[in-house]
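Participant: when you get a sec, could you give me coordinates for this:
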Amino acid sequence: MADSFWDYFQKFREEHQYEHERGKEAMSAFMYLQRFLEPNWTDEATRTHPIRNMLRVSGGGFDAVLIGFAMRLSALEKIDGYPSVVKRLANPREFASAEAEIETGLRFVLAGFEVSFIVPTPKERTPDIRVTKKGQETYIEVTSVSQPEENMRAMNLNGEIFRLMNDRMTGGGGFLSTLPSVREIEDLRQRIEEARKKALDCNCVVKVHLPGLGLIFIAPKAKLADVPRNYIGSFYLNTQTPLPHPEKIARKIREKGKRQCSSSEATLLVVYDRLMSPEALTKMLENSGEEEIALVTDSFPCMLGTALVIPWRSYQHEPIPTEAQLDGDRLYLYNSLPYDLTESIILWKNRHSERRLANDCVEAFAEYPKLLSDLLSKPFNVES
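Facilitator: Model (predicted):
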């Protein structure tokens, strides 16, 4: 099954590479990804891997996403330890964590740091990345608030919603009351495709009812005005959890801090939260829930700071201001990235650490959108 997966999409890309403006680049990007993903591909990956959504549609924004992903990876090819990280991308349950390490490493590479990925060993707990600039060495630990299974499902769901929102002939929106299971996401994909065909046939709005899960509206572009206004081009996912987000983040900091501070290296903790909604972030900021995170960070002398990274698509209408805000030892960033991607970042500097977090490290986060756009503005081919 794994072999037929790559054979099918190679044929698909070859057939469509001359139909779209960046089709040949997309073909090169596919070949580049296939080169290191296929040897470690499994039947489970064929069924559940988030990258499937990059491969199964061509043209426009879909080609751009595929090309952008390949370019991010190619920029890190010569970095020490890169093979050990990129190998994990083929595992659907490790894809999110490996991508987070790659994205973090890329921030610092583009900012002019010397970067290496630290290859883990069974006997020793080590951070994930080492960065050096102006003679100062900093270690970085990258982690996630959510479990690998949840991250895999969240990335698969975002891929399906991205396809819905970027279809050339239809559009819509909707809501989900909770994060669907793997089986529910596959059913969602099939039902969206059926509703899309029906909407084009009847030239009308089609409702996709998902009992106990959510509701989706799909309509031809010319009929989008008939979709309820608050769902046109917008999608809401309820990510309420039994434990409040600030407490989940604080627990993760405690867990990682106790492990990493067994050594004396000065460490920056980067925490990804793929399930926090814009509403949950706003609530955390309004209710001063972030102070708990700052206090936990302050309690570890080896920890230089904590950076909370919340990636989402622009259709989620994140309400945080778009300009960087520096509030003492906290930095608030809302980064608009290429290809409909946005991210909110809150960086808490440790106010009582033995060494202060260097401004160069902070600027690696703040300057990333511009540096990434510069990187992705260049054409891509498999030899680059």
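
Participant: which stretches of the stretch 101-250 of the chain have low pLDDT?
Facilitator: By pLDDT under 70, the low-scoring segments of the stretch 101-250 of the chain are 239-243.

Participant: could you pull out the strands for it?
Facilitator: 114-117, 129-133, 136-144, 170-176, 206-210, 214-220, 235-237 (DSSP state E, counting those that start in this stretch).

Participant: using CSV, lay out these together with distance to residue 186.
Facilitator: For the C-beta atoms, the positions are set from N, CA and C on the backbone; glycine is no exception. As requested, these are arranged in CSV below (distance: least, Cβ to Cβ, whole Å):
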stretch, distance to residue 186
strand 114-117, 33
strand 129-133, 34
strand 136-144, 23
strand 170-176, 14
strand 206-210, 13
strand 214-220, 15
strand 235-237, 17
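
Participant: so which of these comes closest to residue 304?
Facilitator: Within these, the stretch nearest residue 304 is strand 136-144; the backing value is 6.8 Å (Cβ to Cβ).

Participant: give me the domain ranges for the chain.
Facilitator: 2-88, 98-148+242-376, 167-237 (automatic domain parsing).

Participant: want to throw those domains into TSV with mean neighbour count?
Facilitator: Putting the domains of the chain into TSV (neighbours: other Cβ atoms under 10 Å) gives the following:
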stretch	mean neighbour count
domain 2-88	18
domain 98-148+242-376	18
domain 167-237	16
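
Participant: residue 159 is nearest to which of these?
Facilitator: Closest approach to residue 159 among the domains of the chain (Cβ to Cβ): domain 2-88, 2.9 Å.

Participant: how far off centre is that closest one?
Facilitator: 16 Å (Cα atoms, centre = their mean, to the nearest Å).

Participant: quick one: mean pLDDT over that domain.
Facilitator: Average pLDDT, domain 2-88: 90.

Participant: report the contact partners of residue 244.
Facilitator: Neighbouring residues of residue 244 by Cβ atoms under 8 Å, 6 or more residues apart in numbering: residue 289.

Participant: show me where the stretch 251-384 of the chain has strands.
Facilitator: 267-272, 303-313, 325-327, 330-336, 341-349.

Participant: what's the least confident stretch among these?
Facilitator: strand 325-327 (a mean of 63).

Participant: picking that back up, mind putting the strands of the stretch 251-384 of the chain into CSV with distance to residue 186?
Facilitator: Below are the strands of the stretch 251-384 of the chain laid out as CSV (distance: least, Cβ to Cβ, whole Å):
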stretch, distance to residue 186
strand 267-272, 24
strand 303-313, 20
strand 325-327, 41
strand 330-336, 31
strand 341-349, 24
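
Participant: what's the closest of those to residue 201?
Facilitator: strand 303-313 (28.0 Å).

Participant: sheet-wise, list the partners of that closest one with their directions.
Facilitator: Note on strand 303-313: by DSSP bridges, its sheet partners are strand 267-272 (parallel), strand 341-349 (antiparallel).

Participant: now do it against strand 136-144, angle only.
Facilitator: Orientation check (axes from the mean of the first three to the mean of the last three Cα atoms, to 10 degrees): strand 303-313 against strand 136-144 gives 50 degrees.

Participant: starting at the chain centroid, how far to strand 303-313?
Facilitator: For strand 303-313, the distance to the chain centre is 12 Å (Cα atoms, centre = their mean).

Participant: what's the closest of the strands of the stretch 101-250 of the chain to residue 188?
Facilitator: Nearest to residue 188 among these is strand 206-210; the distance by Cβ to Cβ comes to 7.0 Å.

Participant: how near is the residue of the chain most remote from its centre to residue 219?
Facilitator: Note on the chain: the largest separation between a C-alpha and the mean C-alpha position, by Cα atoms, centre = their mean, falls on residue 202 (35.9 Å). Per Cβ to Cβ, to the nearest Å, residue 202 is found 10 Å from residue 219.

Participant: then residue 121?
Facilitator: Distance, residue 121 to residue 219, using Cβ to Cβ: 54 Å.

Participant: same deal with residue 19?
Facilitator: Taking Cβ to Cβ, one finds residue 19 at 25 Å from residue 219.

Participant: isn't residue 343 right up against residue 308?
Facilitator: No. Contact criterion Cβ atoms under 8 Å: residue 343 and residue 308 do not qualify, at 10.2 Å.

Participant: among the strands paired with strand 303-313, which comes closest to residue 210?
Facilitator: Comparing the strands paired with strand 303-313 by Cβ to Cβ, strand 341-349 comes nearest, at 25.6 Å.

Participant: pull the residues that contact that closest one.
Facilitator: Under the contact criterion Cβ under 8 Å, 6+ apart, strand 341-349 has outside partners 281, 290, 293-294, 297, 304-314, 316, 318, 320, 329-337, 356-357, 362, 365.

Participant: mind doing that once more with 6 Å?
Facilitator: Contact partners of strand 341-349, identified using Cβ atoms under 6 Å, 6 or more residues apart in numbering, comprise 294, 297, 305-312, 314, 318, 320, 329-336, 357, 365.
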